[in-house]
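Visitor: Next input, structure requested:
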Amino acid sequence: MKPAYPRYVDANTLRPPLITVELLFAVFCMASFWISLTLPPLRHVTYLIPLCALILCLALRKFVVPPHLLSYWLLVCVGIMLAPLSGRNGYQDIYLMLVGISPFLLGYSYRFTWWQAFWVMAFGLIVSTVVTRLLGVGGGELTLDLVGSKSSFESPWCFAFGVLSVWAIATRRWKEAAVGILFTVLTLKRIALLGVLVCLMLQLMPRRLTDLLLRPIPVLLFNIAALAVAVTYAQGGLDQLIGEVMGMSANQAGMGRKELYYAPAVQLTEHLERYVFIGSGAGAVYDFLSVGFFAGRKLNLHNDLMKMVLEYGGLTFVGFIWLAFRARSWTLRLFWAYANVLLITDNTLIYSYYIFCLGMMAMNAEADSREQQQRPVPAPTRQPMRTPIQPGRL
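Guide: Below you'll find the predicted structure:
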């Protein structure tokens, strides 16, 4: 029988290799997403990630599904089950979600410091801004208008900086949180900024209260209410109220969302008994929007809650929320609170880079929180007892 190791190697002194296949794949994924945000014309390099992940999983006989992104896995699985109902656009949506969750299939633990992540992202923002100016896009005077959602540095990086801010808030690093919020404002996406402020408010509230609020049933009720408001808004139920309060039309107040929501909202209300159980398949919303004035155009709904119900069904909608907020980790649920705010008025279900950032930074924040809890509390130092001076003695 041959020895397990060569004679000149002591098995007790063997160390794991510094460079592994998992590490190389993680570096490739991080570099691909950085390039896709910094140089958008090269974003297609990220499309190779699921294929590479599949090949490596088969080669290493390894397949890991971390708990941070289980909700997205549910959508992918249901989307595949409803594939006969889906079209080309739906297949693209499913693949984009796979791009965001595939970097975690090999079980690599993404671990780095907050400031390392910040400087890499800040450098990417600077490069993308310079390239944009060189190409003649944008320019002019510097502007920052929160109400009008206008900024000279507006960028998709905002969603990533929002997640980075939540990491700092979750671990109570207030200086880092201030820096993250500042860059979220500079790269202005109002819904991302709102998500960060909601997480900040939740962190400052009593922990027992937020622990109860960030549970599946309360969050599910909140999302159903938000969906009902969106449907009512689309069908004109809030026109008078918005006009009296804001002095503008409902469509103008929602930056055109009233017109976008109308056809899908009608579809949902007319066939509610069906959508409670099953959706029309991934990509169905694009077909609902491609009518009337929008005929022949592919438009995003800007409401992932409505999109989820229409395409995947109410049961999947409930499962998505339940998987997200059933976690014992309060830190992870805080990240999902940020993600949930974005679901209300944006298209984050198809933002691959955002899904990757959400899982990666939630993984880091959760590890930081565990380290903070396990850190021993220094024992109070005892002051030496002094003998009181007796009267008449010096």
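
Visitor: give me the low-pLDDT residue ranges for the stretch 101-250 of the chain?
Guide: Low-confidence segments of the stretch 101-250 of the chain (pLDDT under 70): 136-142, 145-149.

Visitor: Not counting its own residues, what contacts stretch 122-136?
Guide: Trp34, Leu37, Thr38, Leu39, Pro40, Gly138, Gly139, Phe153, Ser155, Trp157, Phe183, Thr187 (CB atoms under 8 Å, 6 or more residues apart in numbering). The way it works is simple: take the backbone N, C-alpha and C, and place the C-beta from them, glycine included.

Visitor: change it to 7 Å
Guide: Trp34, Leu37, Thr38, Leu39, Gly138, Gly139, Phe153, Ser155, Trp157, Thr187 (CB atoms under 7 Å, 6 or more residues apart in numbering).

Visitor: buried residues in that stretch?
Guide: Gly124, Leu125, Ser128, Thr129 (16 or more other CB atoms under 10 Å).

Visitor: Out of the residues you listed, which sit inside helices?
Guide: Gly124, Leu125, Ser128, Thr129 (DSSP state H).

Visitor: What ranges does the stretch 101-250 of the chain have for its strands?
Guide: 144-145, 150-151 (DSSP state E, counting those that start in this stretch).

Visitor: and the ones you listed, which is most packed in?
Guide: strand 150-151 (a mean of 14; mean count of other CB atoms under 10 Å).

Visitor: any idea how far that strand is from the chain center?
Guide: Between the centre of strand 150-151 and the centre of its chain there are 22 Å (CA atoms, centre = their mean, to the nearest Å).

Visitor: So what are the sheet partners of that strand and their directions?
Guide: Strand 150-151 has its sheet partners listed here by DSSP bridges as strand 144-145 (antiparallel).

Visitor: list the contacts for the closest residue to Leu194 other than its chain neighbours?
Guide: Leaving aside its sequence neighbours, Leu194 sits nearest to Val341 (CB to CB, 6 or more residues apart in numbering; 5.9 Å). The contact partners of Val341, taken as CB under 7 Å, 6+ apart, are Ile191, Leu194, Gly195, Val198.

Visitor: Out of those residues, flag the one nearest to Gly107.
Guide: Comparing those against Gly107 with CB to CB picks out Gly195 as the nearest, at 28.4 Å.

Visitor: So which residues of the stretch 51-200 of the chain form helices?
Guide: With DSSP state H, counting those that start in this stretch, the ranges of helices along the stretch 51-200 of the chain come out as 70-81, 88-101, 114-134, 157-170, 174-186, 190-204.
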